[in-house]
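A.B. asks: Please work out how this folds:
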Amino acid sequence: MPGPRWTSAWNSTELAVPGVQVWTVSAPEAGQKLLQFLQRRLAGAVPASALQRWIRTGQVRVNGSRAKPGTRLEANHRVRIPPHDLPEPGPPAAPALDSPEDRLLHVVHEDYDLLVLAKPKGLPVHAGTGHQDSVADRLRSRFADHPWKPALVHRLDRDTSGLLIVAKTYARLQALQFLWRKGEVRKTYLVWVHGRPPWREPVLLRDETAKVRTDFGEKMRVGAGKPSRTLVRTLFQSKDAALVLVAPLTGRTHQIRVQLASRGHPLIGDVKYGGPPRPGGMLLHAWHIAWPGQEFHLLPNWSPPGALPPELSMKALSDATRELAGDRSVNDIPAL
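C.D. replies: So this is what the prediction gives:
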């Protein structure tokens, strides 16, 4: 059930001293440390060093008392901040995109503290050089009047489509990050690769990968580096391409792409790692994500010839996913 609407992102009250403000901690913000709370509310307008000085000198008060940067805040706590000068406005924002459709968030699931999005291929999670739009920008726009701006729990590469998890409260963000650290979040991808991989049964790809510089920029390489482990299984084989189910057990940069390419089966369209060119680029989709008590599925909307084979039913795909990324021990799966 959707949570309450927040009528103001600031909820401030002027006190006797001009410029002093008091903010009331909302339920979604509860649990944060005082310094975190100030940084998020002020959105980087005041340097962290200045915030720490405010706290140290008693200019910031919680419920009328001095506090420390690590003081945990509860819902309805009142936080006083001193008068301060905000920086001069920056350059005008980038022009609006062509249509409201371009700013949409495609929601798979939403409740009081969780948002599950369908990220389209080509949309970066965070804005960067050459990109004026991102998932983070769209979240800020949609939740502009909320005191807690929903936070991305993980990321997907720009050219990867699929499920993306967003926390709508600080408590849910902490809980999901805890599950991630414990390895209890399972993500499974669908990908088209070149060739005929011999993975009719689940196989564990075990490597070390590291970042290297090339004449064409940075890329990952199998060799000395950080451990990278990925479970794979071929679902469908055509003449010179295969649909592969992939479950990464570690989260290295370009892990899926470099591990498959190193075995002679690069992603179709992934020219960077030796794949054959394809109009529209590679087909890599985060189709399933699960943690104790919850799971979500999202089929890709690929067009022929990259569409899912009609003979691959939803049940067969779900069963294969459960077998690959379920509770069975990785030690039971042969390594390659």
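A.B. asks: any idea of the mean pLDDT for stretch 273-291?
C.D. replies: Averaging pLDDT along stretch 273-291 yields 95.
A.B. asks: Which positions in that stretch come out as buried?
C.D. replies: Going by neighbour count (16 or more other CB atoms under 10 Å), the buried part of stretch 273-291 is 273, 275, 278, 281-291. Using the backbone N, CA and C atoms, a C-beta is placed for each residue, glycine as well.
A.B. asks: Over to stretch 217-236?
C.D. replies: Under 16+ other CB under 10 Å, the buried positions of stretch 217-236 are 219-222, 228-235.
A.B. asks: How about Val222: what's its closest non-neighbour residue?
C.D. replies: Ser262 (4.2 Å; CB to CB, 6 or more residues apart in numbering).
A.B. asks: and the gap between that neighbour and Lys182?
C.D. replies: Counting by CB to CB, to the nearest Å, the gap from Ser262 to Lys182 is 29 Å.
A.B. asks: So Trp180 lies in a strand, does it not?
C.D. replies: No. Using DSSP: H, G, I helix; E, B strand; the rest coil, the assignment for Trp180 is helix, not a strand.
A.B. asks: related to what we said a few turns ago, inside strands: which ones of the buried residues of stretch 217-236?
C.D. replies: Mapping the buried residues of stretch 217-236 onto strands (DSSP state E) picks out 219-222, 228-235.
A.B. asks: Turn those residues into CSV, columns for distance to Thr57.
C.D. replies: Converted to CSV, these look like this (distance: CB to CB, whole Å):
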residue, distance to Thr57
Lys219, 49
Met220, 47
Arg221, 51
Val222, 53
Ser228, 48
Arg229, 49
Thr230, 51
Leu231, 54
Val232, 57
Arg233, 60
Thr234, 63
Leu235, 62
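A.B. asks: quick check: domain ranges of the protein?
C.D. replies: As given by automatic domain parsing, the domain ranges for the chain are 12-81, 101-170, 186-332.
A.B. asks: all helices of the stretch 201-336 of the chain, in order?
C.D. replies: All helices of the stretch 201-336 of the chain, identified by DSSP state H, counting those that start in this stretch, fall at 255-261, 314-325.
A.B. asks: Then the stretch 1-150 of the chain?
C.D. replies: 34-42, 48-56, 135-142.
A.B. asks: any chance of the ones you listed in TSV, plus mean pLDDT?
C.D. replies: As requested, those are exported to TSV (pLDDT from 0 to 100):
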stretch	mean pLDDT
helix 34-42	94
helix 48-56	95
helix 135-142	93
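A.B. asks: would you turn the ones you listed into a markdown table with distance to Asp215 and mean neighbour count?
C.D. replies: Converted to a markdown table, these look like this (distance: least, CB to CB, whole Å; neighbours: other CB atoms under 10 Å):
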| stretch | distance to Asp215 | mean neighbour count |
| --- | --- | --- |
| helix 34-42 | 40 | 20 |
| helix 48-56 | 39 | 15 |
| helix 135-142 | 31 | 17 |
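A.B. asks: Rebuild those as TSV, extending it with distance to Ile333.
C.D. replies: Below are the helices of the stretch 1-150 of the chain laid out as TSV (distance: least, CB to CB, whole Å):
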stretch	distance to Ile333
helix 34-42	40
helix 48-56	45
helix 135-142	33
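A.B. asks: Any idea how far apart the tips of stretch 20-39 sit?
C.D. replies: 17 Å (CA to CA, to the nearest Å).
A.B. asks: Any idea how many residues pack against the residue nearest to Val222?
C.D. replies: Other residues lying near Ser262 total 19 when counted by other CB atoms under 10 Å.
A.B. asks: thinking it is in contact with Glu208, fair?
C.D. replies: No. With contact defined as CB atoms under 8 Å, Ser262 does not count as touching Glu208 (11.0 Å).
A.B. asks: list the residues that contact both of those two?
C.D. replies: Both Ser262 and Glu208 are contacted by Val222, under the criterion CB atoms under 8 Å, 6 or more residues apart in numbering.
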